[in-house]
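[1] Here you go, sequence then predicted model.
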Amino acid sequence: MIGLSAAEGGEGGGAALDQVAIMTGSAGVIALGLMWVGYLHRTRRITWLQRVADRLGRLFDQPGWVALPLTMFLATILTALLGFIWDVSLHIGNGRDEGPLANPAHYFILAGLFFLFTAGMSAIVLPLDEKPGPAAVRITRTWYAPVGGILLAGAGLYALIGFPLDDIWHRIFGQDVTLWGPTHLMLIGGAGLSLVGVLLLEFEGRRSRPREDVSRPRRMWWMRAFAFGGLLIGLSVFQVEYDFGVEQFRLVLQPMLIVAAATVALIGARLTLGPGSALVVALFAAAVRLAVAWLVGGPIIEAPRNVFPLYLGIAVVVELLALLPLERRRLLWGAVAGLVAATAGIWLESLWVGAVFVDPWPAAMWPELLAMAVPTGIAGGVIGALLATVLLGEPLPRPAVRRTLVTAAVVVVAAATANGLMIDIPQDARATVQLRDAEPAGGRMVRADIRIEPAGLAGADPEWVQILAWQGGVGSDSPGRGLVVDQLDRVGEGHYVSTKPVPVHGTWKTILRVQDGRTQTALPIFMAADPGIGAEEVPAADSFTRPFVSEITVLQRERSFDHPAWLFAAASLVVLFCSLVLIAALCWGAARINDRYPHTSRVPTAEPAPVS
């Protein structure tokens, strides 16, 4: 009943049922077709699938049940990434979708996630006359599936489930236009963590054909490096709101998220692949993100521009620390590398952030930044070292120890995230705004003179005091292609002035935002009328005084609070539980592989990077 009432409430309550039916029906038809191909292969009625897999296997010196899934995965995950960044930019520039079929980016996301799942299923279906390694899971009397394939398919399925659940979520809670909506986190979390399954699958394939007397093709080193680069990108997508400058959470979360992604991926890569690999991984991730940023924010799509973390400073720190003899003690070195990455490495990254991001990190934020980043860096370094230990074929610590380490890492990251989400909404705070017209650009543009009460609401070094204007429409003829951020000049205590014109016309939502420490609040300057959700226009008068309110009420205007208070928390906990199940499954798969494959002798360094 709650879902139906929300659906009937207007455009903000979910997709039209006919569009949901079309997408579901299309996905169902494709799934049935792929299942039929798999059935024909398993019953040996077709041979072409095996021939294609074997041909790719010869190219990569891998079994076909590894080579074909990896080829499919590399093609589809890049498609999903492009669609994801494009989708975020369209929401920032245009606002909510008219429906899933009206947003071209959704086709790329859905295709990428669907064939991500298919890649995992192909690894499960392909093995016919062999047991794919000692860790393989028995399905029937004669059918065994590689662990990496199961994990890849499971991560893909988890991400795919987020699509229909997202529509249910919007029908109940309205359109929460934020990347960090729980069902949105399912989509990006499943896709990002699928790279762990890819790395484990490649390990199973490599160890199923031991060739000690023959060196393997260099291309497989690069394939593994690119997989770690994909893991770095996948763990970075949680930060994408910061990349556009429309983050709806405290700025201190950004460096913590950067450290988490960097330590897991770069430390894992350096231990697994040897000298230079952390730099290769960081450069690969930067090249992919640059290409996607150019496609989305360049002359082709003309959506709001985005930037991205560079990770090179942290990669350099990791490479230098690997020169120490301590690198032989994997877990201890991982913890130390994580600590240094979260201090010296994140300081180097802050130079890049200050140069290209909308919101640089103020000096006043650094004590809390380090308090969150350092434990996260140590935890991430340990997780990266554990992953590398599995991929090197070396023995993990005994089960009780490794479970404690993983659990502690999850708790540390959860605690840091919870702290970053804590905000204070000031009571009886207001701003008096005086607007003066500037040169028009498709409609009325204004500059603002703002006096905040109490004057000490924001100190001398806040995270931001800014005017954010967004959802004005993408395209080169729109100011900022649908996104304008003006960092206000402080001319006195509580007194701020514009540095550039901002739009107050059309479909724009123009907002005054303040974040200083845990204080995070906003007030509307101009909000276009929105008949779809029954919202009236908030006019931009030449002079007005308005109270500061919870920022979520203006940034997520379409969100509905017409539901029992416990329902949102309960639904979020369900999504959290599912996410923990996915993490537990990845840990189970890594431990199963490590326990069942013979261990290699520990060597001082991993295999070196290939040279031409």
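    Yep, it's here.

[2] Check the gap between the spatially most central residue of the chain and G25 for me.
    Nearest to the geometric centre of the chain sits V237, at 2.2 Å (Cα atoms, centre = their mean). Between V237 and G25 the computed distance is 29 Å (Cβ to Cβ, to the nearest Å). The C-beta positions use only the backbone N, C-alpha and C, and glycine is treated the same way.

[3] Same question for T417.
    Using Cβ to Cβ, T417 is found at 38 Å from G25.

[4] Between these two, tell me which one has more neighbours.
    T417 (18 against 10; other Cβ atoms under 10 Å).

[5] That one is in what secondary structure piece?
    Using DSSP states H and E, T417 maps to helix 399-421.

[6] elements contacting that helix?
    Packing partners of helix 399-421 (3 or more Cβ pairs under 8 Å, 6 or more residues apart in numbering; DSSP states H and E): helix 253-262, helix 366-391, helix 565-596.

[7] For that helix, give the mean pLDDT please.
    Helix 399-421 shows a mean pLDDT of 96.

[8] in that helix, what's buried?
    Neighbour-count burial for helix 399-421, counted by 16 or more other Cβ atoms under 10 Å, picks out R402, L405, V406, A409, V410, V412, V413, A416, T417, N419, G420.

[9] Stretch 491-511 now?
    Buried residues in stretch 491-511, defined by neighbour count with 16+ other Cβ under 10 Å: 494, 496, 498, 501-505, 507-511.

[10] Which of those fall in strands?
    Using DSSP state E, the subset of these located in strands is Y496, V502, P503, K509, T510, I511.

[11] re earlier: where's the helix or strand following the helix holding T417 relative to the chain centroid, distance-wise?
    Next along the chain after helix 399-421, taking DSSP H and E as the criterion, comes strand 430-438. From the chain centre to the centre of strand 430-438 is a distance of 37 Å (Cα atoms, centre = their mean, to the nearest Å).

[12] Just the CA atoms of strand 430-438, as CSV, please.
    Provided in CSV are the C-alpha atoms of strand 430-438 (Å, rounded to 0.1, in the frame of the first residue of the first chain):
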residue,chain,number,x,y,z
ARG,A,430,19.2,32.5,8.7
ALA,A,431,20.6,34.5,5.8
THR,A,432,19.7,37.9,4.3
VAL,A,433,20.3,37.8,0.6
GLN,A,434,20.4,40.8,-1.7
LEU,A,435,20.5,40.0,-5.5
ARG,A,436,21.5,42.2,-8.3
ASP,A,437,21.0,41.3,-11.9
ALA,A,438,24.0,40.3,-14.1
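
[13] got the buried residues of helix 399-421 as TSV, with distance to I552 columns?
    Shown next, in TSV, are those (distance: Cβ to Cβ, whole Å):
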residue	distance to I552
R402	39
L405	36
V406	33
A409	29
V410	26
V412	26
V413	23
A416	21
T417	17
N419	18
G420	15
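
[14] Could you point out which of those residues is nearest to R171?
    Nearest to R171 among the buried residues of helix 399-421, counting by Cβ to Cβ, is T417 at 27.0 Å.

[15] show me what contacts that closest one?
    Residues in contact with T417 (Cβ atoms under 8 Å, 6 or more residues apart in numbering) are L253, M256.

[16] residue ranges with poor pLDDT in the chain?
    Applying pLDDT under 70 to the chain flags the ranges 1-20, 23, 99-101, 176, 209-217, 601-612.

[17] before we move on, which element is G154 in?
    Going by DSSP H and E, G154 is in helix 147-173.

[18] which residues in this protein form strands?
    Secondary structure of the chain (DSSP E): strands at 137-138, 144-145, 430-438, 445-453, 464-470, 483-487, 489-492, 495-497, 502-503, 509-516, 519-527, 543-547.

[19] and the nearest residue to V288 once chain neighbours are set aside, how far is that from F114?
    Counting by Cβ to Cβ, 6 or more residues apart in numbering, V288 lies nearest to I233, which is 6.1 Å off, once chain neighbours are set aside. Computed as Cβ to Cβ, the I233 to F114 distance reads 19 Å.

[20] Compare these two (neighbour count), which wins?
    I233 (25 against 21).

[21] can you pull the contacts of that one?
    L81, G192, A285, V288, R289 are the contacts of I233 under Cβ under 8 Å, 6+ apart.

[22] V485 now?
    So, once contact is read as Cβ under 8 Å, 6+ apart, V485 ends up touching G245, V246, V358, Q466, I467, L468, A469.
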